[in-house]
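*Asks:* sequence unknown, structure follows:
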């Protein structure tokens, strides 16, 4: 057993635990329960409290067991069962300590999110935790799996906490636009100090058992079954008469911050510097601050009101919407029930450019061996050097160790011969957007791979059916559109061609999840979901420049909403020649954007584009040459430039892409509006607290969007795409939103 390092008095925990006394008994206080198991003379009798919670007694140790699959969510039945079980065990004079543990794969993984925005049914989570904390008999939380949110708060309410080495715990409420209102922001600072607690809650990331032990969250970490390690620790609590001090009554870890909060305030300012427009980070800071400025009960009361306000707000609704959207996106209707994803134990990437190298890094990061193929050794060397540079940056930032980098690099095998793909279970083509080149590659690959290998193209806009036409086995082909930089961006559009088999689609979706992506199914069309929509925003950004705006104004309209960068900065970063080539293919000229490219300015790669860039510095600065070109182009087009409000620019940038999203959903290119939201959240920097374009449309009101689109269409008669989509008009007329439409379709 590993003891908690900051408690010298706990050094005795290292000695072997006395043998447990196991007896068969049914205490009188259990008469109201139902005996459900008696497994022999050396086992205790288990008594059912309700359908989720049971108890048993072994000697002088009582056990409360939760069995609420799949993740022991803290629903009302669990909470009420725990409180009743505590009452029963506390009423049993033979019991001296209590172990709280869970069956299945995890300790309480968190609150039951389906109860959010519903009337509260007692006992609440806070009331259950207070019952644990106020128990006259000490309670030991025995943690395994993932103790998150309310589950971790439940453990914090116990005076003692032990865990198995593989356990993880955290307070991820900030990811749902909330804070740990069950006492996490009040008890955790009293255990590890307000500063460490602040970092913990603002990150929203779980920590492993070893780190939790080092922080002082856990009293011990030991291998074994949860109830067994809990019982061993309870034995020590009883034998050594360890004081079970309620965490809520501890002041020692918050005293220094209370006396001088300057370090806390500085840390709070640093950690929230990039949370512009988000309510939850500030609310988390305020909640932790209350731990050292207010009495516990008063702080808890304010926490409850503050969290209820957050829960009722748009931002938390947006984040909860995305929580469910990710789970819903994995469901693809219409596939045979017996269809299964194929195993992918190895992969190959064709093309060692920026995209190909980034994709290879994704597979290596997931522990999957990957071959990366290019035509020349020089191209391979450049690609591998780029991969090493990316890893070096991650090591410098501290997000990965050099040892991990070495292991990942060992999984990447460069090759100049396509024969190296022979054993791969999945081959992804990631070369430049040229249909003839892609057809040649796939025709050749099909002859080299083993039967059943899935072939995928990373094309961002080309017709996947035309690519598949080059194959004898088109059923093994699928689009897998990664987003740049592929080793960072979470989105993966899985594009179904006309003859893609269910197995190929499921394989691409499963692989996407395995390598850390958020895979979203898409039908086949020019640009698929994301790029088809972004084209409408790009067209409006061009029109804003023509009518009077300059690049910093256009970008600021969206960055002030929380976008990490504006559309024109993004174009500069990607390379203006890419959009130029797509427009030439589509026959859709952008006079200003085209003129910038034709003047030799391609964005960051040439040091100038919409903005100017200093050597080695990607900070965008005003570009007088481009500004002059913009004004000259407006004059050439006969457009009188005018001032535009920020609100007008926001609507002109966002409403047309929402309109296109409605067309995409109606045409079945996206399965559901929430899938469109996931695409924009994970691939285009849409702020998570705004929920995605379709969620944002519901919050804004579809009737308002329809009215404004009609005004834009009348003002810009040469752009028929501004006419409101039929689905948008229909829902606005009914006073409904995309969310209601999606629910009705799912229920049908």
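*Replies:* Everything's here; your move. Note that this is a predicted model, so its numbers are computed, not measured.
*Asks:* Break the chain down into its domains, please.
*Replies:* Domain assignment for the chain by automatic domain parsing gives 2-290, 347-522, 549-641.
*Asks:* right, so of the ones you listed, which gets closest to residue 664?
*Replies:* Among the domains of the chain, domain 347-522 comes nearest to residue 664, with 8.7 Å by C-beta to C-beta. Just so you know, the C-beta spots here come from the backbone N, C-alpha and C atoms, and that holds for glycine as well.
*Asks:* For the stretch 1-150 of the chain, which segments are assigned as helices?
*Replies:* With DSSP state H, counting those that start in this stretch as the criterion, the stretch 1-150 of the chain has helices at 76-91, 125-133, 150-156.
*Asks:* Next: the stretch 351-500 of the chain.
*Replies:* 354-365, 377-397, 402-410, 435-448, 464-468.
*Asks:* Give me the contact list for the second one.
*Replies:* Helix 377-397 is contacted by residues 352-354, 356-358, 360-361, 372, 374, 400-402, 405, 408-409, 412, 414-416, 485, 487 when judged by C-beta atoms under 8 Å, 6 or more residues apart in numbering.
*Asks:* From those, list the buried ones, please.
*Replies:* 352-354, 356-358, 360-361, 372, 374, 400, 405, 408, 412, 414-415, 487 (16 or more other C-beta atoms under 10 Å).
*Asks:* where does the stretch 401-550 of the chain have low pLDDT?
*Replies:* For the stretch 401-550 of the chain, no stretch has pLDDT under 70.
*Asks:* same check, this time on the chain
*Replies:* In the chain (pLDDT under 70), the answer is 1-43, 113-114, 116-117.
*Asks:* Deepest-packed of the helices of the stretch 1-150 of the chain, please.
*Replies:* For the helices of the stretch 1-150 of the chain, the largest average neighbour count (mean count of other C-beta atoms under 10 Å) is found in helix 150-156, namely a mean of 30.
*Asks:* And the contacts of that one?
*Replies:* Residues from elsewhere that reach helix 150-156 (C-beta under 8 Å, 6+ apart): 72, 74, 100, 106-111, 125, 128-129, 132, 141, 143, 147, 161, 169-171, 180, 182-184, 187-188, 191, 217, 247.
*Asks:* Type out the ChimeraX command that picks the buried ones from those.
*Replies:* In ChimeraX, this line selects whichever of the contacts of helix 150-156 come out buried by 16+ other C-beta under 10 Å:
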select :72,74,100,106,107,108,109,110,111,125,128,129,132,141,143,147,161,169,170,171,180,182,183,184,187,188,191,217,247
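*Asks:* With distance to residue 742 as new columns, can the domains of the chain be given to me in CSV?
*Replies:* As requested, the domains of the chain are arranged in CSV below (distance: least, C-beta to C-beta, whole Å):
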stretch, distance to residue 742
domain 2-290, 17
domain 347-522, 14
domain 549-641, 24
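*Asks:* Tell me which of those approaches residue 685 most closely.
*Replies:* Nearest of the domains of the chain (C-beta to C-beta): domain 549-641, 4.7 Å.
*Asks:* is it true that residue 124 touches residue 79?
*Replies:* Yes - using C-beta atoms under 8 Å, residue 124 is in contact with residue 79, at 7.3 Å.
*Asks:* What about residue 556, how many residues nearby?
*Replies:* Residue 556: 15 surrounding residues under other C-beta atoms under 10 Å.
*Asks:* go on, residue 124?
*Replies:* Around residue 124 there are 15 residues (other C-beta under 10 Å).
*Asks:* what about residue 496, distance to residue 334?
*Replies:* Distance of residue 496 to residue 334, given as C-beta to C-beta, to the nearest Å: 10 Å.
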